[in-house]
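Student: Compute the structure for the input listed below.
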Amino acid sequence: MIIYTVDALAGSGKTREAINYALPQAAFGAKIALVQPSTVLIDQTQENLERHNTNRVQIRKLHSECVSGQVKDKIQDHLRAAAPGVGEVLLITHQSFLSLPYWHNAKDWMIIIDEIPQCQSSWSAKLPVNHSTFTSHVVLHTPEDNYALLSTKHGSETEIQRMAECRFNDDQDKIYQDVCDRLNNDTTWDTYAQVDSWNKIVNGDEMGQQSLTTYSLLRPQAFEKYKSVTIMGAMITESVLYKLWSKQVKFANHDAISAKLSAQLHENGHLLTIKYMFENDWSKTFRDSRHDGQSIQAAVKAKVEELMDGQRYIYATNNDDKTGLDFGMRVPNICHGLNKYVKVHNAVFMSALNSKYADVGFMKVNDVSPEELKQAQSHQVMYQTIMRTSLRDPVDPTPKTVIVMDKKSADYLQRYFPCCTVEAIGMAEPGKKKAGRPKTGNAMTGAERQRLRRARLKSKEQSNGEQ
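Tutor: The predicted model follows:
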């Protein structure tokens with residue numbers, strides 16, 4: 001099986017070249033689905049397609065902001081009604097594409113996936129008593145490395161589909177919607193459970209101490225049915241998808257789209273200063289810790305405002321950070337392809353996107369190391385965020401500043417921006433001693449400190465008496 005790739009840096013024009021490729025192909029009768037990560041990017045791409053649509057090719061976008069009812073139903077209706085041999089360009093989101101259980105006449109469609117899709121996910125809920133609403137409808141298969149494949153029990157297909165679609169807005173169905181959506185679409189996703197934890201939940205052991213957790217992986221075989229599949233993104237070979245699929249598929253460069261996208265390093269690194277806050281790795285636990293009576297997060301925000309000193313900047317932070325930064329422009333963590341901030345020269349990335357411990361364990365079993373997982377999830381999101389700024393414009397001469405939270409993040413960015421400047425801000429960290437005279441010997445007990453205090457007072461009184 002061959003999957004074509006377009007591996008080029010952010011701002012190199014991948015989407016533009018995909019449009020230049022898709023429109024002439026559609027004019028000659030090809031059916032092309034351009035799959036993108038967000039509705040905002042789809043709207044932006046549709047405008048560009050229409051602007052260059054000299055051959056009056058049919059262009060259609062289908063996403064939650066432009067259709068009423070279930071988006072998946074609208075997409076499937078469109079596919080069934082599509083006239084054979086009539087070219088078109090269809091715009092849909094990653095989420096819709098990966099959740100469709102069926103694609104009518106898939107062999108006629110060329111799929112271009114703009115940005116690397118999320119190929120792994122996990123679902124977890126603490127349901128020690130009421131788990132049977134879900135567990136009674138699935139089968140746990142023979143385990144391997146303490147993980148076992150899950151599938152829908154024969155006769156329970158309707159129940160799993162109901163929970164996946166959540167058509168009646170039932171609160172109980174909402175709990176299981178994510179995992180059931182993947183089980184209901186088992187030609188696209190393989191879903192697993194950690195056997196020990198699963199058995200403890202189902203058998204009622206350690207009541208209330210275990211969470212029901214599943215893990216899903218995107219199957220490359222799900223793409224075999226299409227005429228062709230192309231994945232476009234930066235650093236594809238560092239992605240989790242590439243690590244997982246390399247043994248099962250052949251990746252080949254899409255020469256037609258990639259022809260004008262040869263750069264693998266940014267040439268404006270000399271304009272970039274990268275400042276990092278901490279030597280320690282950034283995480284939610286570290287972020288929420290305290291130092292000298294102040295949370296680390298609050299100290300970071302104050303320092304960012306001080307360093308930016310009234311300059312315009314964009315920033316990304318976790319969803320649970322409701323206050324954000326006072327003077328920056330907040331962007332979502334998934335902001336691939338957005339060009340509206342190209343006149344802004346500075347960026348701050350505060351998001352802590354480390355995987356949960358259980359997720360790391362599952363990915364290790366699948367030959368993805370913790371460092372590879374962090375690089376693919378946190379560092380690549382960080383890279384995409386800072387590339388919303390004028391960094392994506394290679395001819396913009398303005399100096400740029402990027403603030404990140406830890407040294408590893410700065411080192412990662414430095415690889416792609418030769419000649420950039422990297423500066424350590426040197427924020428105080430919990431557990432680290434303040435600079436000063438080194439202490440010697442063991443710490444004194446309370447009684448020893450009292451005796452030392454009395455001796456000092458006595459010596460002082462004697463000195464005063466002698467005067």
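Student: Flag the shaky bits of the stretch 51-200 of the chain, pLDDT-wise.
Tutor: Along the stretch 51-200 of the chain, the model assigns pLDDT under 70 to no residue.
Student: so what's residue 446 scoring on pLDDT?
Tutor: Per-residue confidence (pLDDT) for residue 446: 48.
Student: What's the local residue count around the residue nearest to residue 370 when sequence neighbours are not counted?
Tutor: Counting by CB to CB, 6 or more residues apart in numbering, residue 370 lies nearest to residue 360, which is 5.1 Å off, once chain neighbours are set aside. To be clear about C-beta, it is placed using only N, CA and C from the backbone, and glycine gets the same treatment. Using other CB atoms under 10 Å, residue 360 is surrounded by 15 other residues.
Student: Doesn't residue 360 lie inside a helix?
Tutor: Yes - the assignment for residue 360 is a helix, going by DSSP: H, G, I helix; E, B strand; the rest coil.
Student: Spell out for me which residue occupies the centre of the chain.
Tutor: In the chain, the residue lying closest to the centroid (CA atoms, centre = their mean) is residue 377, at 4.9 Å.
Student: residue contacts, the closest residue to that residue other than its chain neighbours?
Tutor: Leaving aside its sequence neighbours, residue 377 sits nearest to residue 353 (CB to CB, 6+ apart; 5.6 Å). Contact analysis of residue 353 by CB atoms under 8 Å, 6 or more residues apart in numbering lists 318, 333, 377-378, 381.
Student: ok, which pair from the residues you listed is furthest apart?
Tutor: 318 and 377 (13.2 Å; CB to CB).
Student: Can you spell out the domain ranges of this protein, please?
Tutor: 2-118+223-258, 127-210, 278-424 (automatic domain parsing).
Student: roughly how far out does stretch 15-32 sit from the chain middle?
Tutor: 28 Å (CA atoms, centre = their mean, to the nearest Å).
Student: any idea how far residue 165 is from residue 195?
Tutor: 29 Å (CB to CB, to the nearest Å).
Student: Equivalent analysis for residue 123, please.
Tutor: Per CB to CB, residue 123 is found 16 Å from residue 195.
Student: now the helices: where do they sit in the stretch 51-200 of the chain?
Tutor: 71-81, 94-99, 132-135, 157-165, 171-183, 195-203 (DSSP state H, counting those that start in this stretch).
Student: Can I get the last one in PDB? Just the C-alpha atoms.
Tutor: What follows is helix 195-203 as a C-alpha-only set of coordinates in PDB (Å, rounded to 0.1, in the frame of the first residue of the first chain):
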ATOM      1  CA  VAL A 195      -6.400  -6.000  30.600                       C
ATOM      2  CA  ASP A 196      -5.600  -5.700  34.300                       C
ATOM      3  CA  SER A 197      -7.500  -2.500  34.800                       C
ATOM      4  CA  TRP A 198     -10.400  -3.700  32.600                       C
ATOM      5  CA  ASN A 199     -10.800  -6.800  34.700                       C
ATOM      6  CA  LYS A 200     -10.700  -5.000  38.000                       C
ATOM      7  CA  ILE A 201     -13.500  -2.700  36.800                       C
ATOM      8  CA  VAL A 202     -15.600  -5.400  35.400                       C
ATOM      9  CA  ASN A 203     -15.100  -7.800  38.400                       C
END
